[in-house]
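> sharing a sequence plus its predicted fold:
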Amino acid sequence: MAAFPQLVFSGVQPTGNFHLGNYLGALVKFVEMQAKYDCVYCVVDMHAITVPQDPAELTMHTREVTAAFLASGIDPKKNIVFNQSQVSGHAELAWVFNCVSRLGWLNRMTQFKEKAGKDRENASVGLYAYPNLMAADILVYRATHVPVGEDQKQHLELTRDIAQKFNNDFAASIERLGYGDAFFPLPEPIIQGPATRVMSLRDGSKKMSKSDPSDYSRINLSDDADQIAQKIRKAKTDPDALPSENAGLSGRPEAENLVGVFAALQGVTKDDVLKQFGGQNFSSFKSALVDLAVAKLGPVGSEMKRLQADHAYIDDVLRKGADRAREIASHNMTAVKDILGFVR
Ligand code: AQP
């Protein structure tokens, strides 16, 4: 397959309750990647409307996620930071992919099953076709790397299937137009580190999620020090002391989760954490975790609140980012239209 220039793309939905899972599973990786790659970071507002949204809240949450990006250390001058709906290439390519992707593929997506629940007939068509739009988000930039949490792995596999099928279906046209044997790269997910799947603080078998009705299940980036402390102290654990090695965490999902969170916040491995805390009870470990979480998340949360209040600045970042994103996306969409045989 042709070699593609390395480019990172990832997106976050503006759906409120931005939490520790989003931060450790996505944002921390986004920040790390900017030293090594050109990166495109998107607030995916078109994904958000696959479930009902209040317009005023959608605007507020779009600014909140953008503020979270910037407060975490993403540099909007070096990287492209924007919101999806300002660049029409996402929707255009998503339609093309609706015609490439197969019903059988979408039927296997577990996120749709979880989110639609029992009332499938009443779910929006957008929620069902969500992974096709996600493939378009990534491939409209011909991005090669996608930092995400574990929960997005299946959608990334689908993105690769769509890219592969498009490359195969239109191979002759792609070759004739001088793009070699593939127009789209097969993007690689980047899912690594000790907190690729942060679990609910109330139930170690469920992932930490924006839509969990219990606010005690998650630490929000907007929580203050008291709220962080209270949530960690109330987090579910088991009666045993912490083990000294990773293997001792098996079958103890709540313990494993808190150790993973500690490791990710500290930038070390779970084994390192257990070397330090093995044999200790949860109350002393939780106290150390509270101190660490407040030290790491507190400054991000307050910077986020400060930025979020400055609508003019945030909207300007998004507008300028969208201008840069649009340039790449329209260039690639012109090529896609030529490949498909659309007259322009
Ligand atoms: N619990 C998690 N652990 C690690 N990473 C996570 N991500 C989400 N939850 C966790 C990662 O955060 C990024 C942004 O995801 P999104 O904006 O698409 O949000 P989401 O996945 O819809 O978030 P939730 O909380 O899971 O929302 P609901 O409650 O609606 O299902 C992605 O990279 C994701 O992997």
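Sure, I can see it.

> distance check, E121 against K113.
13 Å (Cβ to Cβ, to the nearest Å). Using the backbone N, CA and C atoms, a C-beta is placed for each residue, glycine as well.

> ok, which residues in the stretch 201-344 of the chain are in contact with the ligand?
Residues of the stretch 201-344 of the chain that fall close to the ligand, judged by Cβ under 6 Å from any ligand atom: K207, M208, S209, K210, S211.

> any chance of those residues in TSV, with neighbour count, pLDDT and secondary structure too?
Shown next, in TSV, are those (neighbours: other Cβ atoms under 10 Å; pLDDT from 0 to 100; DSSP: H, G, I helix; E, B strand; the rest coil):
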residue	neighbour count	pLDDT	secondary structure
K207	20	95	strand
M208	26	97	coil
S209	18	95	coil
K210	15	92	coil
S211	10	89	coil
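
> and those, which is closest to F285?
Among these, M208 lies closest to F285 (Cβ to Cβ), at 18.6 Å.

> let me see the contact set for that closest one.
Residues near M208 by Cβ atoms under 8 Å, 6 or more residues apart in numbering: H19, L20, G21, V198, M199, S200, L201, S217, R218.

> now with 6 Å, please.
The contact partners of M208, by Cβ atoms under 6 Å, 6 or more residues apart in numbering, come to H19, G21, V198, S200, R218.

> swap in R202?
Counting by Cβ under 6 Å, 6+ apart, R202 makes contact with S214, Y216, S217, K236.

> quick one: list the elements packing against the longest helix anywhere in the chain.
Secondary structure assigned by DSSP state H gives helix 311-340 as the longest helix of the chain. Judged by 3 or more Cβ pairs under 6 Å, 6 or more residues apart in numbering; DSSP states H and E, helix 311-340 is in contact with strand 80-83, helix 89-100.

> what's the angle between that helix and helix 89-100?
40 degrees (axes from the mean of the first three to the mean of the last three Cα atoms, to 10 degrees).

> how far does helix 311-340 sit from its chain's centre?
Put simply, helix 311-340 sits 20 Å off its chain's centre (Cα atoms, centre = their mean, to the nearest Å).

> and that helix, what's buried?
For helix 311-340, a neighbour-count test (16 or more other Cβ atoms under 10 Å) marks 314, 317-318, 321-322, 324-326, 328-329, 332-333, 335-336, 338-339 as buried.

> for stretch 27-44, same thing?
27-31, 33-34, 37-44.

> give me the mean pLDDT for it.
Per-residue pLDDT over stretch 27-44 has a mean of 96.

> that stretch: end-to-end distance?
14 Å (Cα to Cα, to the nearest Å).

> stretch 212-219 too?
12 Å.

> tell me how many other residues crowd M46.
22 (other Cβ atoms under 10 Å).

> where's it, which helix or strand?
In this assignment (DSSP states H and E), M46 forms part of helix 45-48.

> distance of the residue of the chain found nearest the ligand from H331?
The nearest approach of the chain to the ligand comes at G25, 2.0 Å away (Cβ to the nearest ligand atom). In this structure, G25 and H331 are 31 Å apart, going by Cβ to Cβ.

> check K337 too.
Counting by Cβ to Cβ, the gap from K337 to H331 is 11 Å.

> out of the contacts of R202, who has the most neighbours?
Among the contacts of R202, S217 has the most neighbours (other Cβ under 10 Å), with 21 neighbours.

> what sits closest to F112 if chain neighbours are left out?
Y128 (5.8 Å; Cβ to Cβ, 6 or more residues apart in numbering).

> how about the one you found, secondary structure?
With DSSP: H, G, I helix; E, B strand; the rest coil as the basis, Y128 sits in helix.

> and the gap between it and V96?
Applying Cβ to Cβ to Y128 and V96 gives a distance of 17 Å.

> likewise K115?
According to Cβ to Cβ, K115 and V96 sit 24 Å apart.

> those two: who's more crowded?
Each of K115 and V96 has its neighbours counted (other Cβ under 10 Å); V96 has more, 22 against 15.

> surely I228 touches V294?
Yes: contact criterion Cβ atoms under 6 Å: I228 and V294 qualify, at 5.5 Å.

> which residues are in contact with each of these two?
Common neighbours of I228 and V294 (Cβ under 6 Å, 6+ apart) do not exist.

> point out where the stretch 151-300 of the chain drops to low pLDDT.
Residue ranges of the stretch 151-300 of the chain with pLDDT under 70: none are present.

> would you list the contacts of R202 in a markdown table and tack on secondary structure?
Shown next, in a markdown table, are these (three-state DSSP):
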| residue | secondary structure |
| --- | --- |
| S214 | coil |
| Y216 | helix |
| S217 | helix |
| K236 | coil |
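
> among these, which one sits closest to I174?
S217 (46.7 Å).

> show me the contacts for the nearest residue to that closest one once chain neighbours are set aside.
Computed as Cβ to Cβ, 6+ apart, the closest residue to S217 that is not its neighbour in sequence is S200, at 4.1 Å. Shown in contact with S200 (Cβ under 6 Å, 6+ apart): K206, M208, S217.

> quick one: pLDDT of the nearest residue to D161 once chain neighbours are set aside?
In space, D161 comes closest to W105 once its chain neighbours are excluded; the distance is 6.3 Å by Cβ to Cβ, 6+ apart. Looking at W105, its pLDDT stands at 98.
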